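> Provided below are the primary sequence and the corresponding predicted coordinates.
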Amino acid sequence: MRDRTLINLIVFGAILLLVLNLPLPVAGRLKALTRDTLAPLQKAVSGFSRQARESLKLLRGVGGLIEENRKQAEEVARLRIRVGDLQALEAENLQLRELLRFRQKEARALMACEVVGRDVSGWWSMLRLDKGARDGLQPDLAVITAEGLIGRITNVSARTSDVLLISDPNCRISAFVERSGAFGIVSGCGPAAQGLPVCRMEFIDKSRKNPVAEGDEVVTSGLGGVFSQGLPIGKLEHVHTNASGLYLEADVVLRADLGALDNVFIVADRVQPPPRSPEDEGP
């Protein structure tokens, strides 16, 4: 084995010496032949190396692009949340401005209250306000919004009040049609199949003297002592004769949106001064 290796080295050395000592024309032709022979292999190796470098750059670029896309997605999400907050704030400011304008032009004495809770067992039946007996509130005070009547106070604690909404079947209101003066009773029917609150107005008679029609506006009559006269309730729909044939009845589309109540007003004409506490009376 060792002798064979030595022989190979000697042969390689002899060939190298022969090549190095070849005449220049012969050496040039040999070099050219060697280059031409190795050119395809060099081209393949060079192409493979170039493709590997480009692939590595691409992978680096894709990795950077993924990271950039992630950062952009996070920024878009933050901006969308910000836009949503600004839109909610704008809607709240608009609502408060409308309430302020309504209070300034309303001739009745009003007390602003915030809705702090609703009866989850009957969403269209009851809500709770942030003012109570210590603010002079008492049962049977009318509760309204800038759009119209929403109900009356039923129960009062020191700091809260419960409001029975006009969509509750236990709420009955003496009302009349503004256009013709036809009197009737508006009562709640609870939510309809679409989930919206429904009221119905039943008329005492169906004489031609006081005709009614769809679209007529309905307001409180002032009878009964709970609701003052002229509080807007809604407009009539589906006017028809009842089953007995003795009088007319109609659905009432409420002006106030009972499902979106954040701030309301108490008609405070009959609000009593809050009781004085021992601390207020002094020694």
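That came through, no problem.
> wait, V239 sits on G215?
No. With contact taken as C-beta atoms under 8 Å, V239 and G215 are classed as non-touching, separated by 9.5 Å. Quick note: C-beta positions are derived from backbone N, CA and C, even for glycine.
> those two: which is more packed in?
Between V239 and G215, V239 has the larger neighbour count (other C-beta atoms under 10 Å), namely 18 against 11.
> contacting residues around that one?
With contacts defined as C-beta atoms under 8 Å, 6 or more residues apart in numbering, V239 is in contact with 212-214, 248-250.
> next one: D257
When contacts are counted by C-beta under 8 Å, 6+ apart, D257 is found next to E147.
> now do the helices in the chain.
If DSSP state H is used as the criterion, the helices of the chain fall at 2-20, 24-105, 278-281.
> let me see the mean pLDDT of the second one.
Just to be clear, that refers to helix 24-105. Here helix 24-105 scores 64 as its mean pLDDT.
> then the last one?
Mean pLDDT, taken over the full extent of helix 278-281, equals 49.
> one more: stretch 127-134?
This predicted structure assigns stretch 127-134 an average pLDDT of 91.
> show residues contacting it.
Counting by C-beta under 8 Å, 6+ apart, stretch 127-134 makes contact with 111, 113-119, 137, 143, 151, 153, 156-163, 165, 261, 264, 266, 274-275, all of which sit outside it.
> now E249, which residues is it bridged with?
E202, H240 (DSSP bridges).
> isn't it right up against N242?
Yes. Under the criterion of C-beta under 8 Å, E249 is in contact with N242, at a separation of 4.9 Å.
> between these two, what contacts are shared?
Taking C-beta under 8 Å, 6+ apart as the contact definition, E249 and N242 share the neighbouring residues E202.
> okay, those two: which has more neighbours?
Applying other C-beta under 10 Å to E249 and N242 shows that E249 carries more neighbours, namely 20 against 13.
> report the contact partners of the closest residue in space to S228 that isn't next to it in sequence.
Once flanking residues are discounted, S228 sits nearest to G222: 5.7 Å by C-beta to C-beta, 6 or more residues apart in numbering. The contact partners of G222, by C-beta under 8 Å, 6+ apart, come to 174, 228-230.
> could you identify the buried members of those residues?
Using 16 or more other C-beta atoms under 10 Å as the burial test, the contacts of G222 include S174 as buried.
> the contacts of G222 in strands, which ones?
Among the contacts of G222, the members falling in strands are S174 (criterion: DSSP state E).
> state the distance from the residue nearest to S125 when sequence neighbours are not counted to P191.
Using C-beta to C-beta, 6+ apart and skipping residues adjacent in sequence, the residue nearest S125 is D168, 4.3 Å away. When C-beta to C-beta, to the nearest Å is applied, the distance between D168 and P191 equals 10 Å.
> and the pLDDT at the closest residue in space to I233 that isn't next to it in sequence?
Leaving out its chain neighbours, the residue that sits closest to I233 by C-beta to C-beta, 6+ apart is V218, at 4.6 Å. On pLDDT, V218 comes in at 94.
> how is the chain divided into domains?
The record, using automatic domain parsing to delimit domains, assigns the chain the ranges 1-105, 110-270.
> now V177, nearest residue through space, not along the chain?
Nearest residue to V177, sequence neighbours excluded (C-beta to C-beta, 6+ apart): D216, at 4.7 Å.
> count residues in the vicinity of that neighbour, would you?
D216 has 21 neighbouring residues, counting by other C-beta under 10 Å.
> my guess is it meets A175, correct?
No. Under the criterion of C-beta under 8 Å, D216 is not in contact with A175, lying 11.1 Å apart.
> where exactly do the strands run in the stretch 101-250 of the chain?
With DSSP state E, counting those that start in this stretch, the ranges of strands along the stretch 101-250 of the chain come out as 110-118, 126-129, 142-144, 149-156, 161-165, 172-177, 183-191, 197-203, 217-220, 232-241, 248-254.
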